[in-house]
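Peer 1: give me the fold of what follows.
(2 chains)
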Protein chains: 2
Amino acid sequence: MSASRPTEDALIARYFAPLAGPGADGLRDDAASLAPSPGHDLVLTADAIVSGVHYFPDDPPGSLARKALGVNLSDIAAKGAAPRGFLLTLALPADWTEAWLAAFAEGLGQASRASGCPLLGGDTVRSGGPALIGVTAIGEVPAGRIVRRTTARVGDRICVSGTIGDAALGLRMRLEPDAEWVRALDGASRSHLADRYLHPRPRLALADAVLRFATAAMDVSDGLAGDLAKMLAGAGATATIDTAAVPLSQAAARVVDGRPDLLDVAVTGGDDYEILCTVAPDDLDAFRQAASLAGVPVAVLGTVASGSGRPGFQGVDGATRGFAAGAFSHF
Amino acid sequence: MSASRPTEDALIARYFAPLAGPGADGLRDDAASLAPSPGHDLVLTADAIVSGVHYFPDDPPGSLARKALGVNLSDIAAKGAAPRGFLLTLALPADWTEAWLAAFAEGLGQASRASGCPLLGGDTVRSGGPALIGVTAIGEVPAGRIVRRTTARVGDRICVSGTIGDAALGLRMRLEPDAEWVRALDGASRSHLADRYLHPRPRLALADAVLRFATAAMDVSDGLAGDLAKMLAGAGATATIDTAAVPLSQAAARVVDGRPDLLDVAVTGGDDYEILCTVAPDDLDAFRQAASLAGVPVAVLGTVASGSGRPGFQGVDGATRGFAAGAFSHF
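Peer 2: Okay, here's the model as predicted:
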């Protein structure tokens, strides 16, 4: 580190200490203390994003901060939990600037305050390569009530929040900005898709409905087809999905209208950060009502069936197809 | 990722699921649940190590696993806490091999079992550069009893565990293997210093004595002089340290005998992972006895004094010096 740059302690005091929550002692210590509310368990998850792998190096630093926290809060919400705090591991490239760090910290503070999830600690290191932003997020659920991924039961209805494919189409749009399908899109649609790629919206508002009614849940981060396959394989079950029921935004629907092949991108691409869950048929109405009260749209995609093998996606032509190679991997 | 390599899920199932603790659901989910023992708070800390920054790229992967977990457990112990579990963020370079990963996981499993600290979750990503191993460690202390860094009081005695400078001399030895002072060392001394650099020994055995008797504590990771300065600055105090009381191993003492200037490396270098703490004079005997029962040597370096400024180190010649630029930074 060059002598003209502030020390790690000075950077922490200037940019990160203002984000510190109770128990973090103003980030002046090497560790924070935290207790769950009485009768609750903590829920712990860790996800990292890497420059050039999970985001574009020139993405706005405030957006990256939102993304790094958001992808973790998405996991917290999918477990039926409410956020309590997070730790940050920030590995910076040789050419980091204080302006970048200031914008990053400002975006992180906004996301932290908006989600009620204060900073509890972390580490800042040189990466020796591109930047890496690692977050460990902590939430809480009533004791013993964490909603698991692998506990779906045959007969449960398969539900998903929001819309699917926007982020994957937003990413594709950035990779091929001059493609005909991109040029054919109106500005509002383009903005919508770009924003969904850049800014995950963790479904914290749906966590309580998931906690009350879901038999199993996970967030959709690696593509609907692949994540659904994981969820059902864990339960030793399968399903046939009504492809027409996969919820698309107006923008995504416009893309697929002109380029039906891009439906594959929508269904297998990553970065949706919606919640996929299963609900017993008798609870479906109550779940939908709770989701509606929380302001989160949910769609019903099909029913958990006995059997094995990847879920089939049935098209309007009646033919069923799988997405065998479809699971997107960030790795 | 090349098609011939196993998927992230397959790697997790093969290498990391066997390390999973209760609440981690065999790492088949995106999150773990954890509750502190009744009447306890959780203690959270995060530290990452990066290839080429914090370790040599050709260090044995099992040693790196031990180091990555150990540097975090050192923080847990210094807060008076007992380990409960950890999350791992593993960012792998393009040329990672499954043999490296297998050896890494084996070392991690050994360190995890030896410290009673199971794996609770994590993330595996491509680094786009060198490897990064990030750990978030979780411990627990009786509620409200976390031992802070900044709470030393004037008159408290300053204590440190084990020996200081071995790891820094071990690192220097690797950087200049043909130096005269290295060639002058016997084989056992060389092995000792090399091992202390490679394998932190977090002072988990001392945590209970720290919890019972320390008024403030931190682990020594960035050099005794710099860390002591941070600890005292946080308390608005200073101290004069008896340099002759700084505990040196036989190997380090041999080095310093021949090269008195290398005492600076010992006192300012990093990676000791000993515990620095302050104890009220009336509790000193009881603390030393508890440490002795735990099998951990402790030395008394001086007394917390009112005033400000970096602590002075008084030599046998009676002259006092500081280590103004001495604080080692991993950043």
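Peer 1: residue boundaries of the strands in the stretch 201-331 of chain A?
Peer 2: Ranges of strands in the stretch 201-331 of chain A, per DSSP state E, counting those that start in this stretch, are A:214-220, A:237-242, A:274-279, A:298-306, A:312-314, A:320-321.
Peer 1: report the inter-axis angle for the second one versus strand A:298-306.
Peer 2: Yep, that's strand A:237-242 we're talking about. Here strand A:237-242 points in a direction 140 degrees away from that of strand A:298-306 (axes from the mean of the first three to the mean of the last three Cα atoms, to 10 degrees).
Peer 1: before we move on, the earlier item: which one, of the strands of the stretch 201-331 of chain A, ends up nearest to B:Ala205?
Peer 2: strand A:214-220 (40.0 Å; Cβ to Cβ). Heads up, the C-betas are built off the backbone N, CA and C, glycines and all.
Peer 1: looking at it, A:Ser51 is touching A:Pro57, isn't it?
Peer 2: Yes. A:Ser51 lies in contact with A:Pro57 (Cβ atoms under 8 Å); the separation is 4.9 Å.
Peer 1: who has more neighbours out of the two?
Peer 2: A:Ser51 (23 against 11; other Cβ atoms under 10 Å in any protein chain shown).
Peer 1: for the nearest residue to that one once chain neighbours are set aside, which residues are in contact?
Peer 2: Spatial nearest neighbour of A:Ser51, chain neighbours left out: A:Pro130 (3.8 Å); criterion: Cβ to Cβ, 6 or more residues apart in numbering or on different chains. By Cβ atoms under 8 Å, 6 or more residues apart in numbering or on different chains, A:Pro130 lies in contact with A:Val50, A:Ser51, A:Gly52, A:Val53, A:Pro57, A:Pro93, B:Ser127, B:Gly128, B:Gly129.
Peer 1: hmm, 10 Å instead?
Peer 2: For A:Pro130, the contacting residues are A:50-53, A:55, A:57, A:91-93, B:91, B:126-129, by Cβ atoms under 10 Å, 6 or more residues apart in numbering or on different chains.
Peer 1: so it, which of the three states?
Peer 2: coil (DSSP: H, G, I helix; E, B strand; the rest coil).
Peer 1: again with the one 4 residues further on
Peer 2: In the three-state summary, A:Gly134 is assigned as strand, counting by three-state DSSP.
Peer 1: burial of it, as a residue count?
Peer 2: Neighbours of A:Gly134 (other Cβ under 10 Å): 29.
Peer 1: now it: how far from A:Asp282?
Peer 2: Using Cβ to Cβ, to the nearest Å, A:Gly134 is found at 41 Å from A:Asp282.
Peer 1: same deal with A:Gly62?
Peer 2: Per Cβ to Cβ, A:Gly62 is found 44 Å from A:Asp282.
Peer 1: of the two, give the one with the bigger neighbour count.
Peer 2: A:Gly62 (20 against 8).
Peer 1: next, that one: phi, psi?
Peer 2: phi -60, psi -40 (degrees, to the nearest 10).
Peer 1: swap in A:Ala152?
Peer 2: According to degrees, to the nearest 10, A:Ala152 has phi -70, psi 150.
Peer 1: give the contact list for it.
Peer 2: Residues in contact with A:Ala152 (Cβ under 10 Å, 6+ apart) are A:158, A:214-218, A:228, A:231-232, A:234-237, A:239, A:276-279, A:304.
Peer 1: out of these, who's near chain B?
Peer 2: Contacts with chain B within those, counted by Cβ under 10 Å from any Cβ of the partner chain: A:Ala216, A:Ala217, A:Met218, A:Gly234.
Peer 1: just flag the most distant two among the residues you listed.
Peer 2: Greatest spacing in these, by Cβ to Cβ: A:Ala217 and A:Gly234 (11.7 Å).
Peer 1: more neighbours: these two, which one.
Peer 2: A:Ala217 (29 against 19).
Peer 1: partners of that one in the sheet?
Peer 2: A:Cys277 (DSSP bridges).
Peer 1: make sure it is actually in contact with A:Met231.
Peer 2: Yes. Contact between A:Ala217 and A:Met231 holds when scored by Cβ atoms under 10 Å: they sit 8.4 Å apart.
Peer 1: any shared contact partners between the two?
Peer 2: What both A:Ala217 and A:Met231 touch, as defined by Cβ under 10 Å, 6+ apart, is the set A:Arg148, A:Arg149, A:Thr151, A:Ala152, A:Leu276, A:Cys277, A:Thr278.
Peer 1: so, low pLDDT: which residues of chain A?
Peer 2: Along chain A, segments meeting pLDDT under 70 span A:1-4, A:324-331.
Peer 1: got the domain ranges for it?
Peer 2: Domain assignment for chain A, taken from automatic domain parsing, gives A:8-142, A:157-321.
Peer 1: return the most buried member of those.
Peer 2: domain A:8-142 (a mean of 22; mean count of other Cβ atoms under 10 Å in any protein chain shown).
Peer 1: which residue is nearest the middle of chain A?
Peer 2: Closest to where the C-alpha atoms of chain A average out (Cα atoms, centre = their mean) is A:Tyr273, at 3.1 Å.
Peer 1: how far away is that one from chain B?
Peer 2: 12 Å (Cβ to the nearest Cβ, to the nearest Å).
Peer 1: again with A:Thr320
Peer 2: Distance, A:Thr320 to chain B, by Cβ to the nearest Cβ: 24 Å.
Peer 1: quick check, the residue in the stretch 51-200 of chain A closest to chain B?
Peer 2: A:Gly129 (1.4 Å; Cβ to the nearest Cβ).
Peer 1: which non-adjacent residue is nearest that residue?
Peer 2: Spatial nearest neighbour of A:Gly129, excluding adjacent residues (Cβ to Cβ, 6+ apart): B:Gly129 at 1.4 Å.
Peer 1: contacting residues around that neighbour?
Peer 2: B:Gly129 touches A:50-52, A:91, A:93, A:127-132, B:50-52, B:91, B:93-94, counting by Cβ under 10 Å, 6+ apart.
Peer 1: which phi and psi values does A:Pro18 adopt?
Peer 2: A:Pro18 adopts backbone torsions of phi -60, psi -20, taken as degrees, to the nearest 10.
Peer 1: may I ask you to confirm that it is in contact with A:Gln110?
Peer 2: No. Using Cβ under 10 Å, A:Pro18 is not in contact with A:Gln110; the gap is 11.9 Å.
Peer 1: please, where are all the helices along chain A?
Peer 2: A:8-11, A:61-78, A:98-115, A:166-175, A:180-183, A:187-198, A:207-213, A:224-235, A:250-258, A:263-268, A:284-293 (DSSP state H).
Peer 1: closest to B:Val255 out of the ones you listed?
Peer 2: Closest among the helices of chain A, using Cβ to Cβ: helix A:8-11, at 28.6 Å.
Peer 1: quick one: that closest one near chain B?
Peer 2: Yes. Counting by Cβ under 10 Å from any Cβ, chain B is contacted by helix A:8-11 at A:Glu8, A:Asp9, A:Leu11.
Peer 1: before we move on, what about stretch A:198-206?
Peer 2: No. Stretch A:198-206 stays clear of chain B (Cβ under 10 Å from any Cβ), getting no nearer than 12.3 Å.
Peer 1: about what we covered before: what residues are shared contacts of A:Ala217 and A:Gly234?
Peer 2: A:Arg148, A:Arg149, A:Thr151, A:Ala152, B:Asp29.
Peer 1: most widely separated two among those residues?
Peer 2: A:Ala152 and B:Asp29 (12.6 Å).
Peer 1: need the residues touching each of the two.
Peer 2: Residues within reach of A:Ala152 and of B:Asp29 at once, by Cβ under 10 Å, 6+ apart, are A:Ala216, A:Ala217, A:Met218, A:Gly234.
Peer 1: thinking again about what came up before, which of the residues of helix A:8-11 next to chain B sits closest to chain B?
Peer 2: Proximity of these to chain B (Cβ to the nearest Cβ) peaks at A:Glu8, which lies at 4.1 Å.
Peer 1: no further questions, thank you.
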